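*Asks:* need the 3D shape of this:
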Amino acid sequence: IKTTTGNYVSRKAEISQATHVEIKGRSWIEDGVVVRGDLAKIRMGRYCQVSSHTILEPAPATPSTASDVTKTPHVPVSIGSHTVVGSHCHIRAAAIGSYCWIGPNVKMGARVIVKDACVIEEGVVLGDDVVIGPFTRVSTVPLSTNSTTTTTTTMLQMMDLPPSTIQLLQEESMETYQNFVAAQRTQ
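*Replies:* Here you go, the predicted model:
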């Protein structure tokens, strides 16, 4: 489905209470994405991409033991412009800044805040209430492997990113959008 502001939303995406979901323009939501607008408002900037089979779910305002999750107040989700969310992610963050790249299979706990110009590598798991500062790359580093259970213990590694990250991610998001639109026209 194409909107008047240049957004593309897959017919196979599930958007609960679409009136609580605001997409500024030139963004797209792929197949299998679940957007839980029924819990709280979800806002996305321009040139955002939410890749397949990702869940955007507002987190409870405070940890709750209520049995009916829809009656608990939830924190609105804000995603800045020029931000990519990879496939198979589960996002319960309160805010993801502009110029961010979230890799595939990332899990963000309740009320996480990711500032501008961040890169979250594939498979990273962020716990509840974590704040990632601007210009930060977050990845996992294996610490040890248990050969009997085939489990690996990992640690988060954070590294600084250069100021040029903003320009690179902005150019990448605009180019990716143009390629996506061109591909839609040929279908």
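
*Asks:* mind listing the residues bridging to the spatially most central residue of the chain?
*Replies:* The structure's the chain has its C-alpha centroid closest to Val85; by CA atoms, centre = their mean the separation is 4.0 Å. Val85 has the following beta-bridge partners by DSSP bridges: Val50, Ile102.

*Asks:* my read: it touches His53, true?
*Replies:* No: in terms of CB atoms under 8 Å, Val85 does not count as a neighbour of His53; the distance is 11.0 Å. All C-beta spots, glycine's among them, are computed from the backbone N, C-alpha and C.

*Asks:* what ranges do the helices span in the chain?
*Replies:* Secondary structure of the chain (DSSP state H): helices at 165-186.

*Asks:* might you list the low-confidence residue ranges for it?
*Replies:* 64-70, 144-151 (pLDDT under 70).

*Asks:* if we use 80, what do you get?
*Replies:* 63-71, 143-153, 187 (pLDDT under 80).

*Asks:* and Ile166, how far from Arg46?
*Replies:* Spatial separation of Ile166 from Arg46 under the definition CB to CB, to the nearest Å is 14 Å.

*Asks:* out of those two, which sits in the busier spot?
*Replies:* When Ile166 and Arg46 are compared on other CB atoms under 10 Å, the one with more neighbours turns out to be Arg46, at 20 against 17.

*Asks:* that one and Thr83: what is the separation?
*Replies:* Computed with CB to CB, the distance linking Arg46 and Thr83 is 10 Å.
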